[in-house]
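[1] dropping the sequence and predicted coords here.
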Amino acid sequence: MFGKLKEKLLETTSKITERIYKKGGEEEKIEEKIKEDKVDKIEEKIEEVKKSEKMDEHKKEKKISFFDRFGLTRAIKKAIKKEIVILEDDIEDILEELEIELLEADVALDVVEKLIENIKKELVGRKITPDDDVEEITINAIRTAIKNILSQKKIDLEEIIKANKAKGKPTVIVFVGINGTGKTTTIAKLAYKLKQKGYSVVLAAGDTFRAGAIEQLEQHAKNIGVKVIKHKQGADSAAVIYDAIQHAKARGIDVVLADTAGRQATNANLMEEIKKVVRVTKPDLVIFVGDALTGNDAVYQAEEFNRAVNIDGIILTKVDADAKGGAALSIGYAIGKPILYLGVGQRYSDLVEFNADWMVKKLFGEEEFKFSTEREF
Ligand SMILES: Nc1nc2c(ncn2[C@@H]2O[C@H](COP(=O)(O)OP(=O)(O)OP(=O)(O)O)[C@@H](O)[C@H]2O)c(=O)[nH]1
């Protein structure tokens with residue numbers, strides 16, 4: 001996941017670290033630490049020795065220093081000899097390289113520029129002393145820069161559902177996006193997740209355009225055990241979704257998940273139709289479904305759909321197959337809306353909640369993500 005992005009960010013971290021060592025004069029220091037699991041035992045023994053009357057002070061000191069040595073780890077840590085201040089010139093060439101590599105990893109240009117600006121803000125003018133851990137400083141600077149890009153105002157879907165439930169209203173979510181991004185599949189995955197959390201769900205077969213879309217949604221609904229409200233192919237999409245909402249109200253169903261036909265953001269008529277669907281159905285959320293494999297195209301489409309119907313949130317699909325990672329880093333920042341979930345495979349359970357910390361941990365290799373190649377649909 002995010003392979004190329006991860007590789008380039010970690011490369012940049014080590015290049016900047018090496019540059020700082022070079023500027024500050026590199027030396028090796030022995031760093032002694034008490035092993036975590038030995039701290040309590042040593043402290044107990046030291047207390048015993050301090051309390052014992054029989055032993056003279058000199059022997060007590062020797063005994064205590066023995067215990068100190070007992071649990072020590074010695075690590076050879078690199079450090080700089082003299083205090084330095086990082087200047088823009090020190091890292092300019094490294095950041096220029098990173099800029100090109102991020103663009104190659106499908107990161108949108110304005111996101112690349114913002115990220116470089118963030119890294120400079122974190123590092124340029126930063127004083128580093130011989131006691132500092134240079135690598136830690138560099139990694140934290142880049143992590144903070146990334147996290148800033150990923151932090152959009154979060155949507156708490158369950159909070160919205162519970163608030164509507166309290167008012168006896170269903171929560172209506174309309175899914176939009178271009179053809180083949182995974183809207184229908186993602187609706188099924190979200191229905192599966194919400195059902196697992198104990199919510200009742202009904203699907204609206206609002207993709208009345210593509211041949212087979214209604215049947216595809218019906219098959220998913222059958223697999224998951226939820227109902228679908230449908231009309232004939234070619235029927236008015238807004239009418240189908242409207243009927244699904246009435247059905248949910250009549251039966252006290254918690255959530256309506258509405259599919260719509262995939263459409264090119266450049267097709268003015270189809271964009272007018274989706275505007276009408278949103279105007280008529282007044283959904284609580286309009287969710288853009290983008291395909292991570294399409295990189296910058298997904299960002300462009302999200303911008304166009306956002307202009308047309310004001311997207312509330314994003315679900316990015318096929319992240320399991322995305323070797324680059326640029327779309328996941330760019331899409332939320334590009335339209336200022338949060339990514340709610342990532343599609344990470346072809347099982348109903350392959351929909352993971354997204355947040356900035358989650359992605360930063362993946363990018364810096366602190367957590368590996370296990371994909372499944374199983375298929376349920
Ligand atoms: N590997 C992988 N495949 C996915 C994921 N999400 C969807 N797909 C696949 O992408 C293909 C298209 O998914 P659909 O849900 O049919 O796409 P759609 O957006 O409904 O297509 P239209 O109805 O034409 O708009 C299917 O083969 C899905 O199995 C994902 O997270 N990972």
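    Nice, thanks for sending it over.
[2] hey, let's count contacts and neighbours off CA atoms from now on
    Will do.
[3] quick one, helices of the stretch 51-200 of the chain?
    Counting by DSSP state H, counting those that start in this stretch, the stretch 51-200 of the chain has helices at residues 57-70, 88-104, 109-123, 134-150, 157-166, 183-196.
[4] so which of those is the most surrounded?
    helix 183-196 (a mean of 22; mean count of other C-alpha atoms under 10 Å).
[5] for that one, packing partners?
    strand 171-176, strand 201-204, helix 213-224, strand 255-258, strand 351-353 (3 or more C-alpha pairs under 8 Å, 6 or more residues apart in numbering; DSSP states H and E).
[6] what are the contacting residues of the fourth one?
    With C-alpha atoms under 8 Å, 6 or more residues apart in numbering as the contact definition, strand 255-258 has outside contacts at 161, 170-175, 187, 191, 199-206, 241, 244-245, 248.
[7] same check on the first one?
    Residues lying outside strand 171-176 but in contact with it, judged by C-alpha under 8 Å, 6+ apart, are 160-161, 164-165, 183, 187, 245, 254-262, 274, 278, 283-289, 305.
[8] which among those residues are in contact with the ligand?
    The residues of these that also fall near the ligand, by C-alpha under 6 Å from any ligand atom, are 183, 261-262.
[9] flag every buried residue along the strand or helix carrying Asp357.
    Assessed by DSSP states H and E, Asp357 sits inside helix 356-363. Within helix 356-363, the residues scored as buried using 16 or more other C-alpha atoms under 10 Å are 356, 359-360, 362-363.
[10] out of the residues you listed, which is nearest to Lys8?
    Taking C-alpha to C-alpha as the measure, Lys8 lies nearest Leu363 of the buried residues of helix 356-363, at 9.8 Å.
[11] state the distance from the closest one to the ligand.
    In this view, Leu363 and the ligand are 19 Å apart by C-alpha to the nearest ligand atom, to the nearest Å.
[12] what sits against that residue?
    So Leu363 contacts 2, 5-6, 9 (C-alpha under 8 Å, 6+ apart).
[13] repeat that with 6 Å
    Lys6 (C-alpha atoms under 6 Å, 6 or more residues apart in numbering).
[14] then the one 4 residues further on?
    Glu367 is in contact with Lys361, counting by C-alpha under 6 Å, 6+ apart.
[15] which pLDDT does the model give it?
    Looking at Glu367, its pLDDT stands at 78.
[16] quick one, phi/psi of it?
    phi -150, psi 130 (degrees, to the nearest 10).
[17] could the helices of the stretch 51-200 of the chain be laid out in JSON lines, adding mean pLDDT and distance to Lys15?
    Listed next are the helices of the stretch 51-200 of the chain as JSON lines, based on pLDDT from 0 to 100; distance: least, C-alpha to C-alpha, whole Å:
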{"stretch": "helix 57-70", "mean pLDDT": "71", "distance to Lys15": "36"}
{"stretch": "helix 88-104", "mean pLDDT": "96", "distance to Lys15": "7"}
{"stretch": "helix 109-123", "mean pLDDT": "96", "distance to Lys15": "13"}
{"stretch": "helix 134-150", "mean pLDDT": "94", "distance to Lys15": "10"}
{"stretch": "helix 157-166", "mean pLDDT": "97", "distance to Lys15": "41"}
{"stretch": "helix 183-196", "mean pLDDT": "97", "distance to Lys15": "40"}
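[18] want to throw the ones you listed into TSV with distance to Lys78?
    Output for those, formatted as TSV (distance: least, C-alpha to C-alpha, whole Å):
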stretch	distance to Lys78
helix 57-70	22
helix 88-104	19
helix 109-123	19
helix 134-150	8
helix 157-166	47
helix 183-196	48
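[19] nearest to Glu113, out of the helices and strands packed on helix 183-196?
    strand 351-353 (27.0 Å).
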